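>>> Structure here, sequence nowhere to be found:
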């Protein structure tokens, strides 16, 4: 068997992981990824070839939007046949949104696309950036005895764990363990050894060509319910021009108020072709409409169940499905089934 090293492409979009601190002034400035091996000599120990590219103007992840998701997807599509795996460096604040979006945009993905970032800049003494970067590259380069990638999906690696990207949520702004996946087990864990949980990896159809979906429709709204939620607030959102769908973040297993004004507003919106999707505010568990009386009325009027999807996954899946111009009944069907392992 030939000893051909895997080729890994790093794509830097912006974020803390790509910053270094000037020792004299303490100011942060962008890291030059062309000098990656010089700055992080530990990367030479990984049995792979590494190339790096960067957004022409790296952005803070708070400024992330669908057009940048398309830019990342374009980079992967352009270099898909040249590389065995991809590592996307991204700010942590919106990483779960971007990584979830890419999971839907990259249909028939048969190579790893691993998102990672850091809570501290790469040059800080106590940074988490080096470990996250090194292990993400190592995971992206994993291959079996046939030189096939072991991971064939979009993942998110942070603080010793690899998660399915569209199952993640950022749960902490200050701890190194910034992300979690409460409804699906982690795919891999980095310790003394790198342990892969093969039974949880996404199973893909072999020999299918990569299809990159670049049409996303963000004519959607997100409404989080709270005690005292007003009719005027709901009605103003439902009157938004070009609105196609609303995600309701409801209580518990999909529960909400039973007041008539609320139900009537939703019924009218659905009759006017606006899709209403029910996702839970809870970071764990999911929607089970009909389990309680406070959700059965939503089911009866045609509200779509988000099941145990994260809000980030539900939003990006909705943009993807609306971009494909599904009709009402087929959109409900596609939304309520697992397309990329986003639903249990």
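Okay, I see it. Keep in mind that what you see is a predicted model, and the values were worked out from it rather than measured. Numbers count the residues shown, from 1 in each chain.

>>> which SS class is residue 87?
strand (DSSP: H, G, I helix; E, B strand; the rest coil).

>>> Spell out the residue ranges of the strands in the stretch 201-344 of the chain.
Assigned by DSSP state E, counting those that start in this stretch, the stretch 201-344 of the chain shows strands spanning 211-212, 220-224, 245-250, 275-280, 304-305.

>>> between these, which gets nearest to residue 292?
Residue 292 sits nearest to strand 245-250 of all the strands of the stretch 201-344 of the chain, at 10.9 Å, using CB to CB. Every C-beta, even on glycine, is put in place using the N, C-alpha and C of the backbone.

>>> Not counting residues beside it along the chain, what's closest to residue 51?
residue 9 (5.5 Å; CB to CB, 6 or more residues apart in numbering).

>>> check which helix or strand covers that neighbour.
strand 7-12 (DSSP states H and E).

>>> avg pLDDT for that strand?
Averaged over strand 7-12, pLDDT sits at 95.

>>> Kindly report the same for stretch 120-130.
77.

>>> Now do the end-to-end distance for it.
Using CA to CA, to the nearest Å, the end-to-end distance of stretch 120-130 comes out at 10 Å.

>>> Now do the buried residues in that stretch.
120, 121, 122, 123, 124, 127, 128, 129, 130 (16 or more other CB atoms under 10 Å).

>>> Out of these, which two sit at the greatest distance?
123 and 128 (12.4 Å).

>>> quick one on the thing from earlier: now the strand holding residue 9 and strand 85-89, what's the angle there?
Relative orientation of strand 7-12 and strand 85-89, computed by axes from the mean of the first three to the mean of the last three CA atoms, to 10 degrees: 20 degrees.

>>> what's near enough to touch residue 102?
By CB atoms under 8 Å, 6 or more residues apart in numbering, residue 102 lies in contact with 69, 72, 73, 76, 88, 113, 115, 154, 165.

>>> Adding neighbour count as columns, could you present those residues in TSV?
As requested, those are exported to TSV (neighbours: other CB atoms under 10 Å):
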residue	neighbour count
69	24
72	24
73	19
76	22
88	26
113	26
115	30
154	28
165	33
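
>>> Break this protein down into its domains, please.
The chain breaks down into these domains under automatic domain parsing: 7-212, 220-335.

>>> Quick one: end-to-end distance for stretch 57-69.
End-to-end span of stretch 57-69 (CA to CA): 14 Å.

>>> And for it, what's in contact with it?
12-15, 18, 30, 55, 90-95, 97-98, 101-102, 105, 117, 216, 218, 319.

>>> what does stretch 228-236 give?
Contacts of stretch 228-236 (CB under 8 Å, 6+ apart): 223, 257, 261, 262, 265.

>>> Tell me which of the residues you listed fall in helices.
261, 262, 265 (DSSP state H).

>>> buried subset of the residues you listed?
Here, 16+ other CB under 10 Å leaves 262, 265 buried among the ones in helices among the contacts of stretch 228-236.

>>> Closest one of the ones in helices among the contacts of stretch 228-236 to residue 310?
residue 262 (24.2 Å).

>>> List the residues that contact that closest one.
229, 231, 234, 256.

>>> List buried residues within the residues you listed.
234, 256.

>>> Need the contacts of residue 262 in a markdown table (columns: pLDDT and distance to residue 161).
Output for the contacts of residue 262, formatted as a markdown table (pLDDT from 0 to 100; distance: CB to CB, whole Å):
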| residue | pLDDT | distance to residue 161 |
| --- | --- | --- |
| 229 | 93 | 36 |
| 231 | 93 | 43 |
| 234 | 95 | 38 |
| 256 | 91 | 33 |
